[in-house]
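Q: Okay, here's the prediction I keep looking at, along with the sequence it came from:
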Amino acid sequence: MATLLPRLRVDLSAPQLQSARETWLEIGFGGGEHLAHQASLHPEVDFIGAEPFVNGVAKLLALIEEKRLDNIRIHDRDVRYLLEALPAACLNRIYLLYPDPWPKVRHHKRRLVNPDTLEDFHRLLQPGGLFIFASDISDYVDWTRAHVAEHGGWEAASDSNEAPVDWVETRYEAKARREGRAPRYLTFRRTPSP
């Protein structure tokens with residue numbers, strides 16, 4: 001399994017996002033359950049998974065091998081490097097599922113949803129592309145709605161407490177439900193300009 005990572009790693013120096021296929025990015029894929037599920041449902045789509053933690057990468061590699069998936073590439077470092085390196089309008093979807101909420105007010109600046117990241121998302125998504133966010137932390141859901149509205153380059157496509165139909169429950173989602181927290185699913189569509 002260890003030999004799989006070099007073959008599956010995103011090469012930031014290569015022009016690998018020039019195909020006619022759609023490309024979807026999942027940031028912080030955890031154990032890779034959702035990413036592997038989407039990749040198996042959509043073999044016609046290229047997927048990039050970004051996750052800096054080796055245990056999550058190892059779990060995804062096991063799922064890739066088990067399901068014989070050939071449409072996933074992995075960025076196993078800080079996602080900010082990937083966001084800077086990708087060409088404009090190269091993505092059709094960005095998933096950000098159960099990101100670290102950084103609950104203390106003094107740590108809110110560390111939240112991944114912020115003006116700079118939303119500008120990166122807007123640049124990377126094609127017009128009409130989707131930013132899909134899920135969290136069980138109501139403060140982070142409100143934070144995300146407010147930052148997206150402030151950016152101005154998005155329209156709300158859906159806001160629900162029901163998971164999308166093609167969803168598979170992740171371990172973070174299962175933990176939230178066990179602890180009595182209701183997940184929220186937000187989808188925003190990229191508009192032509194902010």
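A: Good, I have the coordinates.

Q: Would you state the strands of the chain in chain order?
A: Counting by DSSP state E, the chain has strands at residues 23-27, 46-50, 72-75, 91-97, 125-135, 154-160, 184-190.

Q: got a markdown table for the ones you listed, with mean pLDDT, mean neighbour count and distance to V168 too?
A: From N, CA and C alone the C-beta is placed, and that goes for glycine too. Shown next, in a markdown table, are those (pLDDT from 0 to 100; neighbours: other Cβ atoms under 10 Å; distance: least, Cβ to Cβ, whole Å):
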| stretch | mean pLDDT | mean neighbour count | distance to V168 |
| --- | --- | --- | --- |
| strand 23-27 | 97 | 24 | 12 |
| strand 46-50 | 96 | 24 | 14 |
| strand 72-75 | 95 | 23 | 15 |
| strand 91-97 | 97 | 22 | 11 |
| strand 125-135 | 97 | 20 | 12 |
| strand 154-160 | 96 | 14 | 17 |
| strand 184-190 | 98 | 21 | 13 |
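
Q: Save those as TSV, and put in distance to T144 too.
A: TSV is the format used below for those (distance: least, Cβ to Cβ, whole Å):
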stretch	distance to T144
strand 23-27	13
strand 46-50	18
strand 72-75	22
strand 91-97	9
strand 125-135	5
strand 154-160	10
strand 184-190	6
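
Q: Among those, which comes closest to R178?
A: Closest to R178 of the strands of the chain is strand 125-135 (Cβ to Cβ; 15.9 Å).

Q: Show me what that closest one is packed up against.
A: strand 91-97, helix 138-151, strand 184-190 (3 or more Cβ pairs under 8 Å, 6 or more residues apart in numbering; DSSP states H and E).

Q: Report the inter-axis angle for that strand versus helix 138-151.
A: Using axes from the mean of the first three to the mean of the last three Cα atoms, to 10 degrees, one finds that strand 125-135 and helix 138-151 are set 160 degrees apart in direction.

Q: Tell me what angle strand 125-135 forms with strand 23-27.
A: 30 degrees.

Q: could I get the helices and strands packed on strand 125-135 as TSV with distance to K67?
A: Listed next are those as TSV, based on distance: least, Cβ to Cβ, whole Å:
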stretch	distance to K67
strand 91-97	18
helix 138-151	31
strand 184-190	24
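
Q: From E150, how far off is Y98?
A: 23 Å (Cβ to Cβ, to the nearest Å).

Q: In terms of packing, which of those two has more residues around it?
A: Neighbours were tallied for Y98 and for E150 using other Cβ atoms under 10 Å; the higher tally belongs to Y98 (21 against 10).

Q: can you pull the pLDDT of the closest residue to the more buried one other than its chain neighbours?
A: Closest residue in space to Y98, ignoring its immediate chain neighbours: Y172 at 4.0 Å, by Cβ to Cβ, 6 or more residues apart in numbering. Per-residue confidence (pLDDT) for Y172: 84.

Q: Nice, that's everything, thank you.
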